[in-house]
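Engineer: what's the 3D shape of this:
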Amino acid sequence: MFREILNALAACLVTFALCSVAYPAAVWGVAWLAFPHQAGGSLIERDGKVVGSELIGQPFVSDKYIHSRPSAIDYKADAAGGSNLGTKNPDLRTKVAERADALKATTENPAPTDLVTASGGGLDPDISLEAAQYQAARVAKARGLTIEQVRALIDRQTVRSGAIIGAPPRINVLELNLALDAGVTASITNSRADHAGLVQ
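Structural biologist: Next up, the predicted model:
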């Protein structure tokens, strides 16, 4: 009886060591060796300083920036979640109406769905191509650019990798705004002028 208890305890310890220590350590090590950027949180740096992650949305309020999708948890990465309000809940309808009204200050066109509704986790780093283009005029005016310049940059930052499985184009808001700050629009315009005979 005592030997069986010892065997059971030994089996538990071995299983714990393999499943809770060795396996996670092996996966962590392989991830850091093969995919160091992703294993480190897909962090984005500017001038040697971390400004965010490709995977975590954050708020942008200035007219000079493309705005992120609304967040029910104020973009708190340690508290991911949605509002949990049903589509018929009056509170949700009120929030959507308020967001839509706020967007009407820049254009009378109907706002894309992802600009008036929060995602399930509240940390969506991407928006649709339609949502980015919807904001192009506001950003262009605030930065003293032409809307064509901003749209060209949006097109350049659009990710279409999911098209093979039917996923719509998407744009990482942080990366797009960093590109705007870096003045990529100017380089795009100059490049197109210099290579007008090439297919863009």
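
Engineer: which residues does the closest residue to residue 170 other than its chain neighbours bridge with?
Structural biologist: Distances taken as C-beta to C-beta, 6 or more residues apart in numbering place residue 126 nearest to residue 170, at 4.2 Å, with adjacent residues excluded. C-betas here are computed from N, CA, C, even on glycine. Residue 126 has these beta-bridge partners by DSSP bridges: residue 172.

Engineer: how close does residue 126 sit to residue 160?
Structural biologist: The gap separating residue 126 from residue 160 is 12 Å, by C-beta to C-beta, to the nearest Å.

Engineer: quick one: buried residues of stretch 147-157?
Structural biologist: Along stretch 147-157, these residues count as buried under the neighbour rule (16 or more other C-beta atoms under 10 Å): 149, 150, 151, 152, 153, 154, 157.

Engineer: and if you look at stretch 117-134?
Structural biologist: Going by 16+ other C-beta under 10 Å, stretch 117-134 has these buried residues: 117-119, 121-129, 131-134.

Engineer: residue 181: how many residues sit nearby?
Structural biologist: Applying other C-beta atoms under 10 Å, we find 13 residues neighbouring residue 181.

Engineer: now stretch 97-108, how far from the centre of its chain.
Structural biologist: 22 Å (C-alpha atoms, centre = their mean, to the nearest Å).

Engineer: what does stretch 18-36 give?
Structural biologist: Counting by C-alpha atoms, centre = their mean, stretch 18-36 comes out at 26 Å from the chain centroid.
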